[in-house]
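> after the sequence you'll find the predicted model.
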Amino acid sequence: MSRICILLGMCLLLSFTVNDTVATRFAAPEGYKRVRAASSSFGAWLQTRPLKPRGTKTLTYKGSVARTDDYTAAVIDMSIGQRDLQQCADAVIRLRAEYLFGKKDYKAIHFNFTSGFNCDFIHYADGYRYQQNETWKKTAAKDYSYASFLRYLDLVFSYAGTLSLEKELKKVDNPAAIQIGDVFIKGGSPGHCFIVMNISINRAGQRKFMLAQSFIPAQNIQLLQYGSPWFSLDKPVNLPYGEIVNAGNLRRFK
């Protein structure tokens, strides 16, 4: 009997670990119901991102505890890399690119550098490499592997930022209808951005949302909390660069 209990316990633990995602770990606020994003959409993909175990600290790419750790609600189970590259805008780019790569929608994977150069994954995967005169040159073999994809992203992270990403996104005309995958962004130096990972709605149609970010230096992508992991546009957000979380800065991938 004890052996059966142990096996059942292990199965329950495995089930909890496998299913512990952005959508499942956090209950909707009282009076609200979690929005179920359309199947196969970017929003649905974000909601199903797996999380590291409860209590995991947000770490920098060097392995030290990040200065933003006090605001950690959860840590997304995704690599950081070994260089100081995956910062705020880069984390948003990473999430969007991972979604498209998983769908094998390679043509849709392209991001602009701050200079305006359009860096697309197709060129990179076909063996072309970026040159400082802003051209492509064929120097490598074709490689559409995940490792090649991550090297491509390192290139994007090196030359893109909040200024370029803000220009690529379209302004949300009706912020009250905020969607999962929307981005609060203000380009600049420093600029910053947050991505909406989950949304709950009440009977009056009011929405609360969860936010994720990376920071400087490069760190884990963290789900944020300030007392609660749920934020709203009608209440100030007291996080680093929290003034960016307002209707005027809301953007959406085209």
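Arrived safely, thanks for sending.

> what number of residues are in the vicinity of the spatially closest residue to A97 that is not a sequence neighbour?
What sits nearest to A97 in space, not counting adjacent residues and going by C-beta to C-beta, 6 or more residues apart in numbering, is I109, at 5.4 Å. All C-beta spots, glycine's among them, are computed from the backbone N, C-alpha and C. A count of nearby residues for I109, using other C-beta atoms under 10 Å, gives 25.

> what ranges does the protein have for its helices?
Applying DSSP state H to the chain gives helices spanning 2-19, 22-25, 42-47, 88-102, 121-125, 146-159, 162-168.

> mean confidence for the third one?
What it means is helix 42-47. Computed over helix 42-47, the mean pLDDT rounds to 98.

> and that helix, what does it pack onto?
helix 22-25, helix 88-102, strand 192-202 (3 or more C-beta pairs under 8 Å, 6 or more residues apart in numbering; DSSP states H and E).

> please apply the same query to the second one.
Packing partners of helix 22-25 (3+ C-beta pairs under 8 Å, 6+ apart): helix 42-47, strand 192-202.

> for the fourth one, same thing?
Contacts defined by 3+ C-beta pairs under 8 Å, 6+ apart place helix 88-102 against helix 42-47, helix 146-159, helix 162-168, strand 183-186, strand 192-202, strand 207-213.

> what residues sit buried inside it?
Buried residues in helix 88-102, defined by neighbour count with 16 or more other C-beta atoms under 10 Å: 88-101.

> columns pLDDT on top of those, output as JSON lines?
Below are the buried residues of helix 88-102 laid out as JSON lines (pLDDT from 0 to 100):
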{"residue": "C88", "pLDDT": "97"}
{"residue": "A89", "pLDDT": "98"}
{"residue": "D90", "pLDDT": "98"}
{"residue": "A91", "pLDDT": "98"}
{"residue": "V92", "pLDDT": "98"}
{"residue": "I93", "pLDDT": "98"}
{"residue": "R94", "pLDDT": "98"}
{"residue": "L95", "pLDDT": "98"}
{"residue": "R96", "pLDDT": "98"}
{"residue": "A97", "pLDDT": "98"}
{"residue": "E98", "pLDDT": "98"}
{"residue": "Y99", "pLDDT": "98"}
{"residue": "L100", "pLDDT": "98"}
{"residue": "F101", "pLDDT": "98"}
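
> who's in contact with Q82?
Y61 (C-beta atoms under 8 Å, 6 or more residues apart in numbering).

> apply 10 Å and report the result again.
Y61, K62, G63, D154, A218 (C-beta atoms under 10 Å, 6 or more residues apart in numbering).

> measure the second one to I80 for me?
Relative to I80, K62 is positioned 9 Å away (C-beta to C-beta, to the nearest Å).

> any shared contact partners between these two?
By C-beta under 10 Å, 6+ apart, the residues touching both K62 and I80 are P217, A218, Q219.

> most surrounded residue in the residues you listed?
Taking other C-beta under 10 Å as the neighbour criterion, Q219 ranks highest of the shared contacts of K62 and I80 with 27 neighbours.

> so that residue sits against K62, correct?
Yes. Using C-beta atoms under 10 Å, Q219 is in contact with K62, at 9.5 Å.

> joint contacts of the two?
Common contact partners of Q219 and K62 (C-beta under 10 Å, 6+ apart): I80, D84.

> returning to that earlier point: and A177, which of the helices of the chain is closest to it?
When the helices of the chain are compared by C-beta to C-beta, helix 42-47 sits nearest A177, at 12.7 Å.

> so which bits of that closest one are buried?
F42, G43, A44, W45, L46, Q47.

> same thing with stretch 66-86?
Going by 16+ other C-beta under 10 Å, stretch 66-86 has these buried residues: 66, 68-69, 71-76, 78, 80, 85-86.

> thank you kindly, that will do.
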